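Trainee: pasting the sequence and the predicted coordinates here, then a few questions.
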Amino acid sequence: IGQVADGRLAWEEIENEQHRQDRGMSLHNDEHSVFVSRKSSARSLASDLREQKDIFKVIMREAYRDNCVICITGEAFEKLFERANMKRKSYQRLLDSIYIYARASPGQKALIVSKYQEYFAAAYKDDWFVGFCGDGANDSEALKQADIGMSLSHSEALLAASFNTTRENVSCLIDLFIQAKCSLETSLQNAKYVLFYSLLQFICVLAVYLKAIEFSNMAYFWWDLIIFVPLSVIMNNTAAVSRLNSKYPQTTLLNKELMVSLFGTLVICGAFVILLQNMSYGDSTNLEIYEIIKSKGDMGDFLFYRDTQPLVFFCSIFNLWAAFFFSRSYPFKKSVFTNKPVVAWVLCFTLLTLFLTYAKFLNLPYEFIYWNNKLFRTLTEDFSYVNNYVAVTALAVVVVYFVEKRVFERYVVAKDEMKVKKRKKN
């Protein structure tokens, strides 16, 4: 009897009568077949085989009664499924009862895989896939046929397999499943981060366009090259969890959970953008300087002097901290805070952004202040005004982090647990 223990296929002797009695099993053996049964006696099976001309009827009777598991050779499997009159229900029940395949040629192995693919496609639609592990060149055809192929050697089989390993046992499948779930979750999170970055920038640009102004070119370089590109790369370094669990990640980009989380966060950010815009153009110092510049009629400098600092600061901070917002850890990945490059990058450039925001109040060289104004397009010199929009941005970060982690993620985890329970019930 074959069973998997600690990632290895272990065999238990059944030739000895005492071993069979201890396990509550009976054995029938003749020159054509071997039956191992937990409930039927060997004598009744032998009698049935002598009386029945069609062994298929005996096998199906025992399979429907759930009295046996079947060990079958590749040749027998091929002959068995040539029966044109086999009903789909019998076909599926038979596959459910076959636990061990032996002495199968490369073509027969591929046939076995294809039959399981047909079975799962009919029974479960797109929810299940067929995998195959092989360690030799004779497994290449089946590895290619399977939805997921795992080669356990460096032979020719690795050319046909989706994955390969140097381990000589099937324990690598656990690591494969863990990494596969982590990879899928990481892909969805990166897509979510890219969408958030683009849509938040669109909201901020639209807000300043409504005031007939625009961000500086340096602001776009700052967001794209300094913040977005590095974070979108190093966010992938968060490691997978160490143990496999029964939960499933989302498999499509346009799923309800991701869309609710993304657009819910954008709605909150949009509300804070409107608040910052009203703060900027309701500030008395800004209005006085604006009126002075407008009265000069110098439209060339007019666009430059309009204040975009609050939204540049807001967009910079959110593009940085979104790496934390959208890095879901449990149950597929470790915490994002274990990803040291991400933590270091976010903290360092958050501090640098704060430094550049308050740079005009420090005794710094004129050239530095000039290029800093090129980035932020600062209009006011009011210290309390800067403190106000920094405080509003900090409040927005806290609100979004709480909503994303405590509301949206808990909703997604609850949905995952319901799906697992439904699968187990089915």
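Mentor: Right, received. Where do you want to start? Note that the structure is a prediction, hence the values are computed from the model and not measured.
Trainee: leaving aside the residues next to it on the chain, what's closest to residue 186?
Mentor: Nearest residue to residue 186, sequence neighbours excluded (C-beta to C-beta, 6 or more residues apart in numbering): residue 236, at 5.7 Å. C-beta coordinates here come from the backbone N, C-alpha and C atoms, glycine included.
Trainee: so that neighbour belongs to a helix, correct?
Mentor: Yes: judged by DSSP: H, G, I helix; E, B strand; the rest coil, residue 236 forms part of a helix.
Trainee: ok, it touching residue 193?
Mentor: No: using C-beta atoms under 8 Å, residue 236 is not in contact with residue 193; the gap is 10.6 Å.
Trainee: all strands for the stretch 51-200 of the chain, in order.
Mentor: Applying DSSP state E, counting those that start in this stretch to the stretch 51-200 of the chain gives strands spanning 68-73, 98-102, 131-134, 148-151, 163-164.
Trainee: tabulate those strands (CSV), appending mean pLDDT and distance to residue 345.
Mentor: Formatted as CSV, those follow (pLDDT from 0 to 100; distance: least, C-beta to C-beta, whole Å):
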stretch, mean pLDDT, distance to residue 345
strand 68-73, 77, 55
strand 98-102, 84, 51
strand 131-134, 88, 38
strand 148-151, 87, 35
strand 163-164, 84, 31
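Trainee: got those as a markdown table, with distance to residue 225 columns?
Mentor: Below are the strands of the stretch 51-200 of the chain laid out as a markdown table (distance: least, C-beta to C-beta, whole Å):
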| stretch | distance to residue 225 |
| --- | --- |
| strand 68-73 | 61 |
| strand 98-102 | 56 |
| strand 131-134 | 42 |
| strand 148-151 | 38 |
| strand 163-164 | 35 |
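Trainee: and after the helix or strand of the chain with the lowest mean pLDDT, which helix or strand comes next?
Mentor: The weakest-scoring helix or strand in the chain, judged by mean pLDDT, DSSP states H and E, is helix 299-305 (a mean of 43). Under the assignment DSSP states H and E, the closest C-terminal helix or strand after helix 299-305 is helix 309-325.
Trainee: contacts for the next helix or strand after that next one, please.
Mentor: Note on helix 309-325: by DSSP H and E, the next helix or strand toward the C-terminus is helix 340-357. Residues from elsewhere that reach helix 340-357 (C-beta atoms under 8 Å, 6 or more residues apart in numbering): 226-227, 230-231, 234-235, 237-238, 309, 313, 316-317, 320-321, 323-324, 327, 336-337, 372, 375-376, 386, 390.
Trainee: the same query, at a cut-off of 6 Å, please.
Mentor: Helix 340-357 is contacted by residues 234-235, 313, 316, 320, 323, 337, 372 when judged by C-beta atoms under 6 Å, 6 or more residues apart in numbering.
Trainee: off-centre distance for that helix?
Mentor: The chain centre lies 27 Å from the centre of helix 340-357; the measure is C-alpha atoms, centre = their mean, to the nearest Å.
Trainee: next, the angle helix 340-357 makes with the helix or strand following that helix.
Mentor: Next along the chain after helix 340-357, taking DSSP H and E as the criterion, comes helix 366-376. Orientation check (axes from the mean of the first three to the mean of the last three C-alpha atoms, to 10 degrees): helix 366-376 against helix 340-357 gives 110 degrees.
Trainee: sketch out the low-pLDDT regions of the stretch 251-400 of the chain for me.
Mentor: Low-confidence segments of the stretch 251-400 of the chain (pLDDT under 70): 281-307, 377-381.
Trainee: ok, 90 please
Mentor: Residue ranges of the stretch 251-400 of the chain with pLDDT under 90: 251-262, 275-312, 325-332, 335-336, 355-389.
Trainee: more neighbours: residue 236 and residue 193, which one.
Mentor: A count of neighbours by other C-beta atoms under 10 Å puts residue 193 above the other of residue 236 and residue 193, at 21 against 14.
Trainee: with distance to residue 382 and mean neighbour count as added columns, please give the strands of the stretch 51-200 of the chain in JSON lines.
Mentor: Shown next, in JSON lines, are the strands of the stretch 51-200 of the chain (distance: least, C-beta to C-beta, whole Å; neighbours: other C-beta atoms under 10 Å):
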{"stretch": "strand 68-73", "distance to residue 382": "80", "mean neighbour count": "19"}
{"stretch": "strand 98-102", "distance to residue 382": "77", "mean neighbour count": "15"}
{"stretch": "strand 131-134", "distance to residue 382": "65", "mean neighbour count": "22"}
{"stretch": "strand 148-151", "distance to residue 382": "62", "mean neighbour count": "22"}
{"stretch": "strand 163-164", "distance to residue 382": "60", "mean neighbour count": "18"}
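Trainee: relative to residue 231, how far out is the closest residue to residue 179 other than its chain neighbours?
Mentor: Excluding the flanking residues, the one nearest residue 179 by C-beta to C-beta, 6+ apart is residue 240, at 5.6 Å. Computed with C-beta to C-beta, to the nearest Å, the distance linking residue 240 and residue 231 is 20 Å.
Trainee: what does residue 390 give?
Mentor: Noted for residue 390: a distance of 21 Å to residue 231, by C-beta to C-beta.
Trainee: neighbour count: these two, which is higher?
Mentor: Taking other C-beta under 10 Å, residue 390 and residue 231 do not tie; residue 231 has more neighbours (21 against 18).
Trainee: which non-adjacent residue is nearest the more buried one?
Mentor: Here the residue nearest residue 231, using C-beta to C-beta, 6+ apart, is residue 323, at 5.0 Å.
Trainee: residue contacts, that neighbour?
Mentor: Neighbouring residues of residue 323 by C-beta under 6 Å, 6+ apart: 231, 235, 342, 346.
Trainee: and residue 388, by the same measure?
Mentor: Residue 388 makes contact with no residue, according to C-beta under 6 Å, 6+ apart.
Trainee: okay, and it sits in which element?
Mentor: Using DSSP H and E, residue 388 sits within helix 383-402.
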